[in-house]
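Colleague: here are the coordinates; sequence isn't available:
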DNA sequence: CACACGATGCGCT
DNA sequence: GCGCATCGTGTGG
């Protein structure tokens, strides 16, 4: 229940992204405490797919440039909210998108926490939480959770973007129910392709379809 | 001011 | 796999 410190968030986005897996997100709202275990995240910095691309500051993405440990919430497709955790040092844009939660509440369907939009709906996160400081433990915060030492982290590409699509900046906990989209090939123990496997015709054209949305 | 479009999710084929 | 709801935001005139 003790909020993670500013120091935890003030690191490189990729490091924080991985470190957030297994942690627990809390939101105190309407006299209730909602929570869920973080099982899927994506990193965004100033890359081409980021709201802070080319380090361009706008009213919407301003929080990404501010101090780490704050919530960056945005509204998209006219109906969904997505929540990010701001990283890096002040002035450098960076945030971790939360895409999957486990165990929102006993008996809740697993899919309620699966996907950035449903996740926000399940925890009651909207634009009014944008900019909140997560280190105070008042309304919205993240605390340590149980993370089994054996639990494997899968690293793969981010979802739903059309540029910088080769960056493997999505991380999830293998076997968790809240993961929105699995990547079987990334889950395979052997990740690196041996040179002999690159002979034409012997490789499956990985993710040939489904890249466009 | 006008307009194109999206870090999604859902229902249907 | 495909279409689409629905509106805040960024961009350009």
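Modeller: Cool, the structure landed. Just so you know, these numbers come straight off a predicted model, no measurement behind them. Numbers count the residues shown, from 1 in each chain, chains lettered A, B, ... in the order given.

Colleague: Helices along chain A, start to end?
Modeller: All helices of chain A, identified by DSSP state H, fall at A:6-9, A:13-20, A:62-65, A:116-123, A:184-187.

Colleague: Identify each buried residue in the third one, please.
Modeller: Under the neighbour-count criterion of 16 or more other Cβ atoms under 10 Å, helix A:62-65 has A:63-65 buried. (Glycine included, C-beta is placed from N, CA and C.)

Colleague: Nearest spatial neighbour of residue A:111, chain-adjacent residues omitted?
Modeller: Nearest residue to residue A:111, sequence neighbours excluded (Cβ to Cβ, 6 or more residues apart in numbering): residue A:118, at 6.7 Å.

Colleague: how far away is that neighbour from residue A:67?
Modeller: According to Cβ to Cβ, to the nearest Å, residue A:118 and residue A:67 sit 28 Å apart.

Colleague: List the contacts of the closest residue in space to residue A:2 that isn't next to it in sequence.
Modeller: Distances taken as Cβ to Cβ, 6+ apart put residue A:143 closest to residue A:2, at 5.5 Å, once the chain neighbours are dropped. Going by Cβ atoms under 8 Å, 6 or more residues apart in numbering, residue A:143 touches A:1-4, A:23-24, A:26.

Colleague: Export the buried residues of helix A:62-65 as JSON lines, with columns for distance to DNA strand B and pLDDT.
Modeller: Below are those laid out as JSON lines (distance: Cβ to the nearest atom of the strand, whole Å; pLDDT from 0 to 100):
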{"residue": "A:63", "distance to DNA strand B": "10", "pLDDT": "98"}
{"residue": "A:64", "distance to DNA strand B": "7", "pLDDT": "98"}
{"residue": "A:65", "distance to DNA strand B": "12", "pLDDT": "98"}
